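Novice: need coordinates for the following:
(3 chains, ligands or ions: 2)
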Amino acid sequence: AEFEIRLGHVTSDKEPVQQAIEEFAANVEERSEGRVDIKIFANGLLGTNPEVYEQVRAGAPIITVSDPGYLSDFVADFGVLGGPYLMDDPMQFAKLEGTELYDNMKSRLRDEADIELLAMNWLFGSRHLIADKPVSNPEDIAGMTVRTPPNAMWVKTFEAMGARPTQLPWTEVYSGLSAGVVDAAEAPLPSIYGAKLHEVKKVISLTGHFKGFTGLVINADYFSNLPEDIQTILSEEALAAGKFMTSLMIESQEEWIAKLEAEGVTFNRDVNTAAFQKKTASVYKEFPAWSDGLYDNVRAILDN
Amino acid sequence: MQRLIRVLLTLETTVAGVATAGVVLCVIWGVFTRYITAQPAVWTAELSGILFTWIVFLGATAAFHDDQHIRVSLLVDILPIRARRVIRVLVDLLMIAFLIYAAWLSYLMMLKGATRPSPILRIPFSLVYLAPLLGFGLMAFNALLRLVGLVPDINNSDAGSEGAL
Amino acid sequence: MSEFFPIFALLLGIAIGMPVAFAIAAAGLLFFVFSGAMPSEVFVQRLVSVTHSFPLLAVPLFIMTGVVMNFAGITQRMMNFAESLTGHWVGGLAQVNVMLSTLLGGVAGSANADAAMQSKILVPEMTRRGYDPAFSSAVTAASSVISVIIPPGIGLIIYGFMGDVSIGRLFLAGIVPGLMLCMLMMLTVGLIAKRAKLEPAYAHRATGRERLRALRGASLALMVPFGIVIGIRFGFFTPTEAGAMAVLFSTIVGLIYRELHWRDIQPILQQTIQATAIVLLIICAANAFGFYMTWEEIPKRVADGMLALSQNPYILLLLINLLLIGVGMFVEGTAALIILAPILVPVVIQVGIDPVHFGIVMVLNLTIAGVTPPLGTLMFTTCAITGVSIGNFIRAAVPFYIMLFLALMILTFVPAVSLWLPDLWM
Ligand code: NA
Ligand code: NA
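Specialist: Numbering: from 1, shown residues only, chains lettered A, B, ... in the order given. Ligands and ions are numbered 1, 2, ... in the order given. Coordinates of the predicted model:
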């Protein structure tokens, strides 16, 4: 192929995101008539998230799956998109695309960090909580030790809920939960299933505290040196695969629930989302690096 | 020159030693806060990782001074003495080339690391990449001195090394 | 550039006597410089990246535990206790040697440190009582294998890290095989001792009171291994945290015994640092080299090639064992483990072998290579200290080679020995 691109991501190749990536790679290859070849490296083979970012920024021909948390290292405003209880319905995310606010963030990312954001509309899956007991209200999670990724947004959100966020590598979460190093973990259902966490904890509360949007990024210089038609193909197919992924996740949610229930998991659907939203609202005030009025502007777009 | 090397060696082990003690304290603090304080310390894993980089690269440098790194001398040892000497010089030259280039690349990475903060403590990764820069630089310096004979070559081929399984 | 060029460069570098870590790193760097796939400086990122892994931090912590124990007088107390148990048997001191590796194995995890320490303190005593130094050296080197399999073990930590396998489960999996090794080894020693009429350390069995006194002396020290296993099992801490707790606990014990002093801090740290850095630098280099292999999809090709040979798990395990024995003859065990675990783990998973079971097999196989010629680091370490010639060592070690090989086969073909405990407990 004329252009060989590697796509590295840290998620297991058994999860839905892999399906969406394969869809993306196949469509790009087909539409470019074989000029672009995308090889996929799942399971963190190319490195951890921040490391693959560093490779992208150094100019490597790599696409990676990004989430707002990591992008906020370069343009702080992206952090707001990863905030707790930002939207009720994942489909609301589409309202952001094409707005001045969102385009501004994208071009700042291009100029300041040399990163081209191809898409950010990939619903990675609402994140839910797995523990020994149902969590319906903030009181239920108070004092609970919860495993979170090493990310300020997670830490602040769970602190605001009254929980005790702590960090474990993802590979140790299974034994950590089993042994009681942590009381609870949080992840999208496919990830919970993939890591077999349901073997050790039996209650999943559908807290949906983060909607979990991700997307694809590539080095901006590398991207701008590609022929225009290839650029268009990559951008459009990234967005299309994002829609594919989002509907896949929404449609499959009940399937995942059924799958987990068949293995003995109890689901707690009775979560007082309003109480959690209220409790975690303070998180949006804890990031002084954000632009003035950022959260209110995003809120206005989403609630419109 | 030997005195300079000795001073460097002391510095390297001191910094790595402080880092080692720091790692132990960090990890213990992480356990204690999980059981004793209201909020577990979330920064301990991250800080111990950064200290670990320093332990490895400065420790490797100290081990390099003492020529402790594991090598396979089996095949070289069966050669006649003259061929052995030629190969030794060749290996030294290759090592110096590698070390200098690796130090240069570490420097480039250090410039880039300035914009990559660690997730919780926001420590710039330049401080992480400084460790391999110093490590490779000091090893290159030592290897050069050894090659031109300013410090004695203590490597006597089949010296066993510590640190196996 | 041929995509296999870095592999040739790696083999050449090792062959001409470049230190292994640098040969691996330089070969990896060739990929970054010449493939054009990546900006070259990403090489440094791949080197540094593994030092940010929390599981690997267990390596320096358990190395440090072993060092602290020597300074804190714990090792000596463990030895007295082992002596009170087996000292009156024929070949009593050789049994003490095996027992000590088993007891200390529950706290420390480096076979080399175990072999070096016992070559220094036990072998001279054995020689004084008329044991053949070659036999004493063989027992010391062979029994040090036990300390790696009994958790915690640096080999298990590295395997778990490189192969993405839970270290907690690996630790539990090592307990039964470790005890099995200990018993097989004592049996071997007993048979040899009977034939050679080796005298016991004591003329008579230690009295109950004497044993109790030795046990009391070692009791604090003996709590460490139980503390580690129980702590991990009941979730007080992760394996890495267990390492730090073991350091803390050994230090406290040393202070209670009044054997640890301020002046010990410097040598403890220094010994820890060098041993750590030597192993870790190889892991760093292997990580950079591994990036090249991933990029060119080499593990996948190897896996396809191996699976084309056979899909039968037992035949595959046998083939892998032969491969590892071959590799172990030329590459130092830890280095081989670091390079091969990420390649082999996906292969065994595909044919349904539990990677935890395979971990015990792989670590044992490569540790045995340390006792055998031509590249046995444990053999070299021991002989360098005891002054026994390699030839005499090998002759004396033959029964132990047979026994270790037997143990390897049992562990290979009876997965339950390794998996019973972790399946029961975690
Ligand atoms: Na022993
Ligand atoms: Na051990």
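Novice: residue contacts, the residue of the stretch 1-150 of chain C at minimum distance from chain A?
Specialist: Closest residue of the stretch 1-150 of chain C to chain A, CB to the nearest CB: C:P39 (4.2 Å). The way it works is simple: take the backbone N, C-alpha and C, and place the C-beta from them, glycine included. Applying CB atoms under 8 Å, 6 or more residues apart in numbering or on different chains to C:P39 gives the contacts A:Q55, A:A58, A:G59, A:A60, C:F32.
Novice: quick one: the first one from C:F291, how far?
Specialist: Just to be clear, that refers to A:Q55. According to CB to CB, to the nearest Å, A:Q55 and C:F291 sit 10 Å apart.
Novice: where do the contact lists of those two overlap?
Specialist: Jointly contacting A:Q55 and C:F291 under the rule CB under 8 Å, 6+ apart are A:L46, A:G47, C:V42.
Novice: where does confidence bottom out across the residues you listed?
Specialist: In terms of pLDDT, A:G47 ranks lowest among these, with 84.
Novice: spatially nearest residue to A:V135, not counting backbone neighbours?
Specialist: The shortest distance from A:V135 to any non-neighbouring residue, by CB to CB, 6 or more residues apart in numbering or on different chains, is to A:S205 (4.2 Å).
Novice: who's the one you found bridged to?
Specialist: Partner residues in beta bridges with A:S205, using DSSP bridges, are A:L129, A:N268.
Novice: who's in contact with it?
Specialist: By CB under 8 Å, 6+ apart, the residues touching A:S205 are A:H128, A:L129, A:I130, A:A131, A:P134, A:V135, A:S136, A:F267, A:N268, A:V271.
Novice: just give me the neighbour total for the fourth one.
Specialist: Other residues within reach of A:A131 by the criterion other CB atoms under 10 Å in any protein chain shown amount to 23.
Novice: now swap in B:I5 and tell me
Specialist: By other CB under 10 Å, 18 other residues sit near B:I5.
Novice: excluding covalently adjacent residues, which one is nearest to it?
Specialist: B:V151 is the one closest to B:I5 (CB to CB, 6+ apart), at 5.5 Å.
Novice: what's the helix or strand for that neighbour?
Specialist: Assigned by DSSP states H and E, B:V151 falls within no helix or strand.
Novice: give me phi/psi at it?
Specialist: Backbone torsions for B:V151, taken as degrees, to the nearest 10, come to phi -120, psi 150.
Novice: distance check, the residue nearest to A:A184 when sequence neighbours are not counted against A:N137.
Specialist: In space, and not counting its chain neighbours, A:A184 is closest to A:A131: 3.7 Å by CB to CB, 6+ apart. A:A131 is 14 Å from A:N137, where distance means CB to CB.
Novice: which elements pack onto the lengthiest strand in chain A?
Specialist: Secondary structure of chain A per DSSP state E: the longest strand is strand A:115-123. Applying 3 or more CB pairs under 8 Å, 6 or more residues apart in numbering or on different chains; DSSP states H and E, one finds that strand A:115-123 contacts helix A:49-58, strand A:62-66, helix A:68-71, helix A:100-113, strand A:213-219, helix A:220-224, helix A:228-262.
Novice: could I get the ones you listed as CSV with distance to ligand 1, mean neighbour count and mean pLDDT?
Specialist: Formatted as CSV, those follow (distance: least, CB to the ion, whole Å; neighbours: other CB atoms under 10 Å in any protein chain shown; pLDDT from 0 to 100):
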stretch, distance to ligand 1, mean neighbour count, mean pLDDT
helix A:49-58, 41, 22, 87
strand A:62-66, 49, 25, 93
helix A:68-71, 49, 23, 86
helix A:100-113, 56, 16, 94
strand A:213-219, 53, 25, 94
helix A:220-224, 57, 16, 95
helix A:228-262, 49, 17, 93
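Novice: mind putting these into TSV with distance to chain C?
Specialist: Formatted as TSV, the helices and strands packed on strand A:115-123 follow (distance: least, CB to the nearest CB, whole Å):
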stretch	distance to chain C
helix A:49-58	4
strand A:62-66	8
helix A:68-71	15
helix A:100-113	16
strand A:213-219	10
helix A:220-224	11
helix A:228-262	19
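Novice: among those, which is nearest C:D132?
Specialist: Nearest of those to C:D132, taken as CB to CB: helix A:49-58 at 54.0 Å.
Novice: who are the contact partners of the residue in the stretch 101-250 of chain C that chain B sits nearest to?
Specialist: Of all residues in the stretch 101-250 of chain C, the one sitting closest to chain B is C:A244 (3.7 Å; CB to the nearest CB). Contact analysis of C:A244 by CB under 8 Å, 6+ apart lists B:V23, B:V24, B:V27, B:I28, B:V31, C:L61.
Novice: ok, B:G17 next?
Specialist: Listed by CB under 8 Å, 6+ apart, the contact partners of B:G17 are C:Q266, C:L269, C:Q270, C:I273.
Novice: hang on, it in a strand?
Specialist: No. B:G17: not assigned to a strand; according to DSSP: H, G, I helix; E, B strand; the rest coil it is helix.
Novice: what is the neighbour count of C:K197?
Specialist: Neighbour count for C:K197, taken as other CB under 10 Å: 8.
Novice: got the phi and psi for it?
Specialist: Here is the backbone geometry of C:K197 (degrees, to the nearest 10): phi 50, psi 50.
Novice: could you find the closest non-adjacent residue to C:L419?
Specialist: Spatial nearest neighbour of C:L419, chain neighbours left out: C:H357 (5.4 Å); criterion: CB to CB, 6+ apart.
Novice: can you count the residues close to that neighbour?
Specialist: With other CB under 10 Å as criterion, C:H357 counts 23.
Novice: tabulate the CA atom coordinates of whichever helix or strand it is part of in PDB.
Specialist: Assigned by DSSP H and E, C:H357 belongs to helix C:355-368. Extracted C-alpha coordinates of helix C:355-368, given in PDB (Å, rounded to 0.1, in the frame of the first residue of the first chain):
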ATOM      1  CA  PRO C 355      -0.700 -19.100  31.400                       C
ATOM      2  CA  VAL C 356      -0.300 -19.400  35.200                       C
ATOM      3  CA  HIS C 357       0.600 -23.100  34.800                       C
ATOM      4  CA  PHE C 358       2.900 -22.300  31.900                       C
ATOM      5  CA  GLY C 359       4.600 -19.600  34.000                       C
ATOM      6  CA  ILE C 360       5.700 -22.100  36.600                       C
ATOM      7  CA  VAL C 361       7.000 -24.400  33.900                       C
ATOM      8  CA  MET C 362       8.800 -21.700  32.000                       C
ATOM      9  CA  VAL C 363      10.400 -20.100  35.100                       C
ATOM     10  CA  LEU C 364      11.500 -23.500  36.400                       C
ATOM     11  CA  ASN C 365      12.900 -24.500  33.100                       C
ATOM     12  CA  LEU C 366      15.000 -21.400  32.700                       C
ATOM     13  CA  THR C 367      16.200 -21.500  36.300                       C
ATOM     14  CA  ILE C 368      17.400 -25.000  35.800                       C
END
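Novice: that helix - contacts with which helices or strands?
Specialist: helix C:133-149, helix C:154-163, helix C:167-196, helix C:313-328, helix C:333-350, helix C:390-413, helix C:415-425.
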